[in-house]
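> I would like the atomic coordinates for the input below:
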Amino acid sequence: MGSFGKCKYCLEQKELIKAHIIPASFFKLVGTNDPKNPGKIYDPTPGKFPKISRIGEYDNNMLCLSCEDIFGTWDNYAATILITDFASGKFKKVDLRSKRFFYTLSDYDYVKIKLFFLSVLWRAHASSRPFFDNVDLGPHANKIKQMLMDEDAGSSQDYSVYLVRYYDDLGNGSMCSPQLRKLDGLNVMQISLGPYTAFVKVDSQAYSNEYIECCIKQSQLNILMLKLRDDLNALSSMRKAIS
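Numbers count the residues shown, from 1 in each chain. Below is the predicted model:
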């Protein structure tokens with residue numbers, strides 16, 4: 001049995017369970033099946049060293065079972081779309097300049113996918129695990145939590161999600177703890193999900209057209225394919241291909 005305490009989502013006193021912040025299904029995509037070349041989890045904090053994990057980061061003091069089940073609905077849908085459907089070829093490939101490309105899907109549930117990314121971000125903020133120490137959403141935390149409770153995904157400009165999948169050995173074989181960075185001059189939280197990296201905007205300002213066209217939206221789920229050492233210069237040609 002788990003410990004008894006206040007669930008950080010429903011705020012009720014309940015038995016708390018072992019809750020994953022990032023679903024185990026995405027952690028399992030890190031690295032290969034070769035035991036000599038396992039995936040590594042990186043924390044850029046000075047003095048921290050890479051570690052090997054097949055089940056990912058979980059928190060025993062965050063959620064009750066009922067609330068974990070709520071998140072589980074979005075987790076399972078994201079795994080179906082981004083793992084199963086991606087592997088089965090349901091996404092359309094679009095070639096860009098300089099041998100770059102992206103995948104796009106129009107037949108999907110925007111609300112479920114968007115709430116999945118927001119739920120991961122909120123869970124990372126609420127967790128006391130050291131791996132997520134860099135995630136401090138400030139006033140955005142309560143706004144995102146309310147969106148989750150209302151099942152309100154907002155528009156593509158509301159906590160916009162720009163999604164990348166790394167296909168090289170380095171990018172596919174490692175994960176980093178979440179980091180705050182800048183895109184289009186705005187604050188975004190960079191979250192690793194196996195070979196995927198989601199850049200979730202945590203800024204009240206709106207993206208420029210170049211960036212917002214590349215984010216996930218009701219009509220399209222776009223995934224830019226990159227190598228880990230690439231920058232995001234492919235955004236310009238990606239936007240032209242979409243528009």
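> how about the most centrally placed residue in the chain: which residues does it bridge to?
The centroid of the chain falls nearest to residue 198 when counting by C-alpha atoms, centre = their mean (4.3 Å). Note on residue 198: beta-bridge partners by DSSP bridges are residue 163, residue 191.
> hang on, it packs against residue 116?
No - Residue 198 is not in contact with residue 116 according to C-beta atoms under 8 Å; the separation is 9.3 Å. No exception for glycine: its C-beta is placed from N, CA and C like everyone else's.
> which stretches of this structure form helices?
Applying DSSP state H to the chain gives helices spanning 24-27, 65-79, 86-87, 110-126, 140-150, 169-172, 209-212, 235-242.
> comparing the ones you listed, which comes out most buried?
helix 110-126 (a mean of 23; mean count of other C-beta atoms under 10 Å).
> what's near enough to touch residue 186?
201, 203, 205, 207 (C-beta atoms under 8 Å, 6 or more residues apart in numbering).
> who's in contact with the residue nearest to the centre of the chain?
117, 120, 161, 162, 163, 164, 190, 191.
> burial measure for residue 11, as a count.
9 (other C-beta atoms under 10 Å).
> from residue 67, how far off is it?
With distances taken as C-beta to C-beta, to the nearest Å, residue 11 is found 10 Å from residue 67.
> do the same with residue 127
Counting by C-beta to C-beta - residue 127 and residue 67 are separated by 13 Å.
> over to residue 179?
Applying C-beta to C-beta to residue 179 and residue 67 gives a distance of 26 Å.
> ok, now residue 99?
44 Å.
> residue 100 too?
In terms of C-beta to C-beta, residue 100 sits 40 Å off from residue 67.
> next, the distance between the ends of stretch 181-192.
13 Å (C-alpha to C-alpha, to the nearest Å).
> just stretch 84-103 next, same as before
14 Å.
> cool, stretch 90-107 as well?
OK, stretch 90-107 end separation, C-alpha to C-alpha: 9 Å.
> same check, this time on stretch 213-222
First residue to last in stretch 213-222 (C-alpha to C-alpha) measures 9 Å.
> for the record, mean pLDDT for that stretch?
Mean per-residue pLDDT for stretch 213-222: 92.
> buried residues in that stretch?
213, 214, 215, 216, 217, 220, 221, 222 (16 or more other C-beta atoms under 10 Å).
> returning to that earlier point: output the helices of the chain as CSV; include the columns distance to residue 6.
Output for those, formatted as CSV (distance: least, C-beta to C-beta, whole Å):
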stretch, distance to residue 6
helix 24-27, 25
helix 65-79, 11
helix 86-87, 37
helix 110-126, 11
helix 140-150, 14
helix 169-172, 38
helix 209-212, 38
helix 235-242, 42
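> so the residue nearest to the centre of the chain versus residue 149, what's the distance?
In terms of C-beta to C-beta, residue 198 sits 21 Å off from residue 149.
> how many neighbours does residue 191 have?
Using other C-beta under 10 Å, the number of residues around residue 191 comes to 24.
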